[in-house]
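>>> quick one, fold the following:
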Amino acid sequence: MKDIKRYCDALAQVLSLQPDEVMTDLPSYLRGVEEQFEQLKIPTRYRARLVYRYLSARGSRGLCANENCDFERVWPYCEMLFGPV
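Numbering: from 1, shown residues only. Below is the predicted model of the structure:
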């Protein structure tokens, strides 16, 4: 739990909320999120839980609503819907 808090604090400094224009802005937003995850070396097992707070309710929040959400399975789904991320 201490790791999640530390990663959450780090992301709060660099991420903004997901834009409302899902179809046009989501791919670039997700690319930026993924780059931050890589830069901060956040383990994939925490990524879905950490990104959830930044997703808009209208947009993609349903993708990661389950606390057992597997980021490795969600990401390809986003790419299928919105193109390569």
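
>>> what about Q18, which SS state?
coil (DSSP: H, G, I helix; E, B strand; the rest coil).

>>> quick one: it from R6, how far?
22 Å (C-beta to C-beta, to the nearest Å). For the C-beta atoms, the positions are set from N, CA and C on the backbone; glycine is no exception.

>>> neighbour count for these two, which is higher?
Shown here are Q18 and R6; by other C-beta atoms under 10 Å, Q18 has more neighbours (21 against 12).

>>> the more buried one and L55 touch, don't they?
Yes. At 4.9 Å, Q18 counts as touching L55 under the criterion of C-beta atoms under 8 Å.

>>> where in the chain is pLDDT low?
21-24, 57-85 (pLDDT under 70).

>>> ok, 90 please
Low-confidence segments of the chain (pLDDT under 90): 1-4, 16-34, 43-85.

>>> show me what counts as buried in the longest helix along the chain.
Ranked by residue count under DSSP state H, the longest helix found in the chain is helix 22-40. Along helix 22-40, these residues count as buried under the neighbour rule (16 or more other C-beta atoms under 10 Å): V22, L26, P27, Y29, L30, V33, E34, Q36, F37.

>>> the last one contacts R47, doesn't it?
Yes. Between F37 and R47 there is a contact under C-beta under 8 Å: 5.6 Å.

>>> so what touches whichever strand or helix holds Y7?
Assigned by DSSP states H and E, Y7 belongs to helix 2-12. Helix 2-12 has contacts (C-beta atoms under 8 Å, 6 or more residues apart in numbering) with Q36, L40, I42, P43, Y46, R49, L50, R53, Y54.

>>> measure stretch 38-56 end to end?
End-to-end span of stretch 38-56 (C-alpha to C-alpha, to the nearest Å): 22 Å.

>>> oh, and call the first residue 790 from now on, that's how I've got it
Done: numbering now begins at 790, and the last item shifts to stretch 827-845.
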